[in-house]
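*Asks:* Requesting a structural model of the entry that follows:
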Amino acid sequence: MANGNGTPPEQSPPQLNVLAQYTKDLSFENPNAPASLAPQAQQPNINIQINVGANNLSESEYEVTLSVEGKAENAGSVLFSFELAYAGVFRIVNVPQENLHPLVMIECPRLLFPFAREIIATAVRDGGFPPLMLDPVDFVGLYRQNLERQAQADAGPAN
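*Replies:* Okay, the predicted model is just below:
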């Protein structure tokens, strides 16, 4: 329907709202304390894994979970390990269907990441170590990797 000057009415702009953020699960282990707290001769080897998952809660609301797992080892001994599942509920409206999946899997975790980073830094510090400040994450690259992995899985083994 046209408005008074003959132009079509404008569509509402896209919206992304954060309705809630919360820690779903947090685990920190310091299995070899107090020996692991002694000054280390060399930097520990730190391995971090990050995954993103999403659940559709309603037509316009999504729960996005950022899962971060990490382990620090030195000379084959575990100094510490952690697992964090940090989530948010997002309301997304007026976004074209073709843009919805990338928005949920890239922008939502990007909004959650600074908070998850702070929780991990605090947990590691409270465990007796210097705070672990995670490097920024390329969620676009992570999204593309997951798409490629999914496409390979869907293709199945070659005969």
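
*Asks:* and stretch 53-70, how far from the chain's centre?
*Replies:* Counting by C-alpha atoms, centre = their mean, to the nearest Å, stretch 53-70 is centred 9 Å from the centre of its parent chain.

*Asks:* So for that stretch, first residue to last residue, what's the gap.
*Replies:* 18 Å (C-alpha to C-alpha, to the nearest Å).

*Asks:* Residues in contact with it: which ones?
*Replies:* Contacts to stretch 53-70, defined as C-beta atoms under 8 Å, 6 or more residues apart in numbering, come from residues 19, 24, 46-52, 81-93, 104-105, 108-109, 112-113, 116, 120, 132, 134. (Each C-beta comes from the backbone N, C-alpha and C, glycine too.)

*Asks:* Can I have the buried ones of those as a ChimeraX selection?
*Replies:* Applying 16 or more other C-beta atoms under 10 Å to the contacts of stretch 53-70 leaves a buried subset, and the ChimeraX line that selects it is:
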select :50,52,81,82,83,84,85,86,87,88,89,90,92,104,105,108,109,112,113,116,120,132,134
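
*Asks:* Out of the contacts of stretch 53-70, which sit inside strands?
*Replies:* Using DSSP state E, the subset of the contacts of stretch 53-70 located in strands is 19, 24, 46-52, 81-93.

*Asks:* Identify, by residue count, the longest helix of the chain.
*Replies:* In the chain, with assignment by DSSP state H, the single longest helix is helix 108-126.

*Asks:* Count the neighbours of Asn45 for me.
*Replies:* For Asn45, the neighbour count with other C-beta atoms under 10 Å is 12.

*Asks:* Phe28 now?
*Replies:* Counted with other C-beta under 10 Å, residues neighbouring Phe28 total 17.

*Asks:* And for Val124?
*Replies:* 22.
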